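Have a look at this prediction, sequence included:
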Amino acid sequence: MPSRWELPEAMQHTLFDLIQRLYNRTILTTMSTRASGSNSTALRRLMTEYKQLTSGGSPDGMFTAGPISEADFFTWEALVCGPKDTPFDGGVFVAKLTFPSDYPLSPFKMRFDPPLFHPNVYPDGTVCISILHTPGDDPTMYEQASERWSPVQSVEKVLLSVISMLAEPNLESGANIDCCKLYRDNKPEYERLVRESIKQQLGI
Amino acid sequence: MPTSDRFEGAKPPSPPRLKSTDLPKDMDGQAVEPEPFLSGHPILPEDMDIADLTQAQLYEMNQRLLEESMESERPLISPPEATSVLRNEYSNSPDFLAQIETLINRGYNIIIRAKGDGDCFYRALAFAYLDRLMRFTGHSNDRLAATTDMLAKAGFDECVYDQPYEMLQSLAQLRASRTNAREELWQSFTDPATSNYIVMYMRLLTSAQMRIDVQFADFLFDPESQMQTSVDDFCRRFVEPLGKEADHVQVAALAQALDVHVKVAYLDGHAADGQVNFVDFSENASHGGDPLLLLYRPGHYDILQKSA
């Protein structure tokens, strides 16, 4: 795992605000009354995961995640910090998590918005990582040893895997082919581009 | 090995092949270098032999084809049928036919099919288990109630198993005395919203048994590489994900976790004299009574019953 990552002061502020925003919502109570039909199992599980995330926080404060709106518990927003000692260091990346009605039998989808320049992120921002795919769903033929989705996984476990993925791209199952090539052929240029995009994002 | 090409499920399908001639013309001329770092495409070029593939690739292709070829319209659990219907599927294979006759002659008259979706073992065993709980009032649910402790002990978070457990418990409360109880059980098992959570719970139990019971550690092999693997790795990759087929060791673990005697009839066409091998799991289970019967055909499990 990447070690604890220190945010610049300004960023700490933004992150704190966002965490507060998520905390302050009264989503749990309003949503529980809307549970119905086939997705009530998924809803209950999502509420439990959200409760655990907000009470425990993420390990090392590497990310936050929660529903975007009270009206829809199946769409979350996650903020992921770029791990230290990687070109992503200093960045905070916003991703949308979309949950299926049979979660956790099926995995959720994760999409960075704006897209992230990374070998395992499709140009549209969708994260391509084995843990978000069931054994039968294999877009890039992940190597056999890779971990797959199972109902035992969770938002927290996936986000930690994504953070590891930022630090160590998996070129065996690339999603952004140009990025894979650049990473392989000219890593310094890849790192420069990543750092450049983070500066742009932060408006520096 | 007798063949039965006509019948799906009797034999693993062969992998798809793409003829190089089907590739777009504009690729001619310039040598198109494959991207060696992107192991992207599950299609065999014409000049590549299946023998060149690694165990792992073959396994993955098999699993994939199994999922693609399964009849999507088949219910997750089918209504009971006479075992004799299997004759139609093996009219070409005398060895299989002889084994089917053996089963019928020994009174195994009823087959309840599970859909071949990689979850068939777990679904079949859960159905057989609940069906028996329902019909024999002498059985208590105590063992089932104790399974949550086992899951907690194995380190699973309560939020992972609490809801599937509630579903299982509510089905375990069904009693044959109630009108349509059996129909209700069957309906629940054909409804993916319930059925797949039951499968999930069975997978968690199997995993928990392997994690807690040290004797399993020596028997866990990666079905792809044939290398011994750790309990955690095995459970995360081959037990907990839905759709991963069960092997002998998973059957043994789940029988122990539920403390039930499971008897599996192997309909494999291997014995020319029509003998059927029966393999017992947890023979001395404290649950007592007749064993839960499963019918194994290569790559697939169904439920077998003796007619009443």
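Perfect, I can see it now.

where does A:Y103 fall, helix, sheet strand or coil?
coil (DSSP: H, G, I helix; E, B strand; the rest coil).

hmm, I was thinking of B:E184
Quick answer, by three-state DSSP: B:E184 is helix.

How about the one 10 residues further on?
Following three-state DSSP, the label given to B:T194 is helix.

my guess is it contacts B:L185, does it?
No. Using CB atoms under 8 Å, B:T194 makes no contact with B:L185, being 10.2 Å away. C-beta coordinates here come from the backbone N, C-alpha and C atoms, glycine included.

and for these two, which residues touch both?
Shared contacts of B:T194 and B:L185, defined by CB atoms under 8 Å, 6 or more residues apart in numbering or on different chains, are found at B:L171.

show me where pLDDT drops low in chain A?
For chain A, applying pLDDT under 70 flags the ranges A:1-38, A:136-145, A:204.

show me what contacts the residue most central in space within chain B?
Taking CA atoms, centre = their mean, the centroid of chain B lies closest to B:F121, which sits 2.9 Å from it. Listed by CB under 8 Å, 6+ apart, the contact set of B:F121 reads B:114, B:245-246, B:250-251, B:254, B:294, B:301.

And the next helix or strand past the host helix or strand of it?
Per DSSP states H and E, B:F121 falls inside helix B:120-135. Counting by DSSP H and E, the next helix or strand C-terminal to helix B:120-135 is helix B:142-153.

ok, residues contacting that next one?
For helix B:142-153, with CB under 8 Å, 6+ apart as the criterion, the contacting residues are B:133, B:158, B:160-162, B:165, B:168-169, B:172, B:204-205, B:208-209, B:212, B:257-259, B:287.

Hey, what's the angle from it to helix B:120-135? Just curious.
140 degrees (axes from the mean of the first three to the mean of the last three CA atoms, to 10 degrees).

gap between helix B:142-153 and the chain center?
Computed by CA atoms, centre = their mean, to the nearest Å, the chain-centroid distance of helix B:142-153 equals 23 Å.

buried stuff in that helix?
For helix B:142-153, the neighbour count (16 or more other CB atoms under 10 Å in any protein chain shown) marks B:143-144, B:147-148, B:150-151 as buried.

Please enumerate the helices of chain A.
A:9-24, A:27-32, A:40-56, A:155-167, A:177-185, A:187-202 (DSSP state H).

who does the fifth one touch, helix- and strand-wise?
Of the remaining helices and strands, those touching helix A:177-185 by 3 or more CB pairs under 8 Å, 6 or more residues apart in numbering or on different chains; DSSP states H and E are helix A:187-202.

hey, C-alpha coordinates of the helix it packs on in PDB?
Output in PDB follows, covering the C-alpha atoms of helix A:187-202 (Å, rounded to 0.1, in the frame of the first residue of the first chain):
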ATOM      1  CA  LYS A 187       8.100   6.500 -18.800                       C
ATOM      2  CA  PRO A 188       9.500  10.000 -18.000                       C
ATOM      3  CA  GLU A 189       7.200  11.500 -20.600                       C
ATOM      4  CA  TYR A 190       4.200   9.600 -19.200                       C
ATOM      5  CA  GLU A 191       5.000  10.900 -15.700                       C
ATOM      6  CA  ARG A 192       5.400  14.400 -17.000                       C
ATOM      7  CA  LEU A 193       2.000  14.300 -18.800                       C
ATOM      8  CA  VAL A 194       0.400  13.000 -15.600                       C
ATOM      9  CA  ARG A 195       1.900  15.700 -13.400                       C
ATOM     10  CA  GLU A 196       1.000  18.300 -16.000                       C
ATOM     11  CA  SER A 197      -2.600  17.200 -16.000                       C
ATOM     12  CA  ILE A 198      -2.700  17.400 -12.200                       C
ATOM     13  CA  LYS A 199      -1.300  20.900 -12.200                       C
ATOM     14  CA  GLN A 200      -4.000  21.900 -14.700                       C
ATOM     15  CA  GLN A 201      -6.600  20.400 -12.500                       C
ATOM     16  CA  LEU A 202      -5.400  22.300  -9.500                       C
END
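
That helix and chain B, are they touching?
No. Using CB under 8 Å from any CB of the partner chain, helix A:187-202 stays clear of chain B, coming no nearer than 13.3 Å.

these two touch, right, A:G125 and A:H118?
No. Using CB under 8 Å, A:G125 is not in contact with A:H118, being 9.9 Å away.

Between the two, which is the more surrounded one?
A:H118 (26 against 18; other CB atoms under 10 Å in any protein chain shown).

follow-up on the earlier one: now, the contacts of B:F121 that are in strands?
B:294, B:301 (DSSP state E).

OK, contacts around A:G82?
Contacts of A:G82 by CB under 8 Å, 6+ apart are A:5, A:88-93, A:166, A:198.

Next, count neighbours for the residue nearest to A:W76 when sequence neighbours are not counted.
In space, and not counting its chain neighbours, A:W76 is closest to A:L97: 4.0 Å by CB to CB, 6 or more residues apart in numbering or on different chains. Number of residues near A:L97 (other CB under 10 Å) recorded here: 23.
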